[in-house]
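Q: Dropping a prediction and its sequence here:
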Amino acid sequence: MDEKKLLERITINPNIFGGKPIIRGRRLAVEHVLGMLAAGDTIETILEGYPWLEPGDVRACLAYARRVVGHKRIEPLHLESHG
């Protein structure tokens with residue numbers, strides 16, 4: 001499935017989570033799925049927790065995040081070496 005088709009799964013509804021991006025109009029925010037992935041959950045674990053969710057929905061969250069990061073500059077944390 002191409003990225004454009006994947007991104008059609010991400011919707012915004014001002015009445016759900018204050019207009020944050022959600023998956024297919026459901027009450028599951030993209031940021032929540034990304035947080036689960038960042039915490040180490042597998043796609044399989046996420047799908048088990050949300051039976052209506054499809055693998056393409058998780059891939060859509062990743063594609064959405066890539067698009068957002070690609071358009072915004074995020075400053076990395078600079079650590080100084082003491083030694």
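A: Right, received. Where do you want to start?

Q: for the closest residue to G25 other than its chain neighbours, what are its contacts?
A: Distances taken as Cβ to Cβ, 6 or more residues apart in numbering put T11 closest to G25, at 5.1 Å, once the chain neighbours are dropped. Every residue, glycine included, has its C-beta placed from N, CA and C. Contact analysis of T11 by Cβ atoms under 8 Å, 6 or more residues apart in numbering lists 21-25.

Q: surely E31 meets K20?
A: Yes. Judged on Cβ atoms under 8 Å, E31 makes contact with K20 at a distance of 6.6 Å.

Q: who has more neighbours, these two?
A: Neighbours per residue (other Cβ atoms under 10 Å) separate E31 from K20, with E31 holding more: 16 against 13.

Q: Find the residue at the geometric middle of the chain.
A: Nearest residue to the geometric centre of the chain (Cα atoms, centre = their mean): C61, 3.3 Å.

Q: Please, which helix or strand holds it?
A: Here C61 is covered by helix 55-71, with elements defined by DSSP states H and E.

Q: Can you tell me which helices and strands that helix packs against?
A: For helix 55-71, the packing partners by 3 or more Cβ pairs under 8 Å, 6 or more residues apart in numbering; DSSP states H and E come out as helix 3-7, strand 10-12, strand 21-23, helix 30-38, helix 43-49.

Q: among those, which is the most enclosed?
A: Looking across those with neighbours counted as mean count of other Cβ atoms under 10 Å, the highest average goes to strand 21-23: a mean of 21.
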